[in-house]
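Colleague: need a 3D model of the sequence below.
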Amino acid sequence: MKKILSVVVITLQLFYSVQGQELPKMRTEDKIRIKEAISISHKFGNEIWPGINDVPFVILLVTDSVEFLINHPYPSADFKLSEEDDILQTKVFYRKQQFSKAFLATFPAVNGVNCIVVGTPENTGKSSTDWIITLLHEHFHQFQYTQKDHYASVAGLNLANGDETGMWQLNYPLPYDSMPVSSQYSKYTMALSNTVSGINNKDFKKLLTQYSSERKKLIGLFKPSDYKYFSFQLWQEGIARYTEYKFLEALDDYTPSIEIAGLPDFIPFNKFREQFLKLHLGSVTALKFETEKRVCFYDIGLAEGILLDKLNPQWRSQYFASRFFVEKYAVELK
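Modeller: Numbers count the residues shown, from 1 in each chain. Just a heads-up that it's a prediction; the model follows:
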């Protein structure tokens, strides 16, 4: 009998010990950053990209030891309920960390659903403002990936060379270190930078002609498959960076929530927009093709997107109807 009682006592002690343990919880500051990004998307997203707010804003937040899943329609069995959160107005699930805590990416990370897999601002080296805008960049990728026939269209480029993992999108052997290519790339980016800088000047048409000429010369150095990859990266990653700019443009007169404005590292959106343009438009010419490689596509895509706004203000309506070649959106770029 004593033995049985001892077992019962130990079992009860273990039960109450487990019951007393606090479940992992997201930090309040991470919740309010995510809430702000979602609120901004709901307010301005459909003006920039009609339909973007129909796509679930699913986030997998990677911390030092735990991953938190937000807005996922059917989490996998390894996730447990953390809480029903009042700030995010959704259930938050958790599991042990699996992905890098420095991640800034979107892919079908949980049960085939495209998740924004992102580390905290501290672990990704971003301010709260930059982190919020990055979430909007990644949400645009969610929008891209959920378009009808997206993956079939990407496969139709025939660039994978047998790679079924999708890593070819990062590792495609574009001739970045070819001397003729890198030299002409520098001429192209200088002409692109000059054209965007002079977009409202009287010599804009002259600058545009020079830019168009240098762009055609660069494309002429590529094999057909290389040109498709170059164009695909501008379309996918470059326009995602441009989308950050469009959100910042919309936020010029936006009043952030009191909670966000109270974060010590928050930069007002209008001030951050100035920093953003200075950094990323400066990178158009500062980044070298032979060393920065694929990273270059983000900022030249931003610049080409701004240029398209000038040449064809309605070009975004063609974005999904005519995929992967941004020059198709404006006659002047051909």
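
Colleague: and stretch 188-197, what's buried?
Modeller: Residues 188-189, 191-196 are the ones in stretch 188-197 that count as buried (16 or more other CB atoms under 10 Å). Where you see a C-beta, it was placed from the backbone N, CA and C, and this is true even at glycine.

Colleague: what's in contact with it?
Modeller: Applying CB atoms under 8 Å, 6 or more residues apart in numbering, the external contacts of stretch 188-197 come out as 204, 207-208, 210-211, 213-215, 217-218, 281, 284-285, 296, 300, 303-304, 306-307.

Colleague: got a list of what Asp64 touches?
Modeller: Per CB under 8 Å, 6+ apart, neighbours of Asp64: 97, 101, 123.

Colleague: Leu159: which of those residues is nearest?
Modeller: Closest approach between those and Leu159, by CB to CB: Lys101, at 30.6 Å.

Colleague: and Val118, how close does it get to Phe57?
Modeller: Distance of Val118 to Phe57, given as CB to CB, to the nearest Å: 12 Å.

Colleague: show me where the chain has its strands.
Modeller: 59-62, 66-70, 80-85, 90-96, 104-110, 113-119 (DSSP state E).

Colleague: picking that back up, which one's more surrounded, Val118 and Phe57?
Modeller: More crowded of Val118 and Phe57, by other CB atoms under 10 Å: Val118, with 26 against 22.

Colleague: state the distance from the more buried one to Leu104.
Modeller: With CB to CB as the criterion, Val118 and Leu104 are 6 Å apart.

Colleague: just Pro73 next, same as before
Modeller: 23 Å.

Colleague: I figured Leu157 hits Phe230, correct?
Modeller: No: using CB atoms under 8 Å, Leu157 is not in contact with Phe230; the gap is 11.3 Å.

Colleague: who touches both of these two?
Modeller: Contacts common to Leu157 and Phe230, judged by CB under 8 Å, 6+ apart, are absent.

Colleague: so where do the helices sit in the stretch 51-200 of the chain?
Modeller: 121-124, 128-145, 150-155, 168-171, 179-197 (DSSP state H, counting those that start in this stretch).

Colleague: quick one: stretch 203-222 to chain centroid distance?
Modeller: 28 Å (CA atoms, centre = their mean, to the nearest Å).

Colleague: sorry, back to before: from the contacts of stretch 188-197, which land in helices?
Modeller: Under the assignment DSSP state H, the contacts of stretch 188-197 contribute 204, 207-208, 210-211, 213-215, 217-218, 281, 284-285, 296, 300, 303-304, 306-307 to helices.

Colleague: which of those residues are buried?
Modeller: Buried among these by 16+ other CB under 10 Å: 204, 207-208, 210-211, 214-215, 218, 281, 284-285, 296, 300, 303-304, 306-307.

Colleague: in stretch 74-85, what counts as buried?
Modeller: So for stretch 74-85, counting by 16+ other CB under 10 Å, buried means 75, 79, 82-83, 85.

Colleague: as CSV, those residues with pLDDT and distance to Glu274 would be great.
Modeller: Conversion of these to CSV gives the following (pLDDT from 0 to 100; distance: CB to CB, whole Å):
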residue, pLDDT, distance to Glu274
Pro75, 96, 40
Phe79, 97, 40
Ser82, 96, 38
Glu83, 95, 38
Asp85, 95, 34
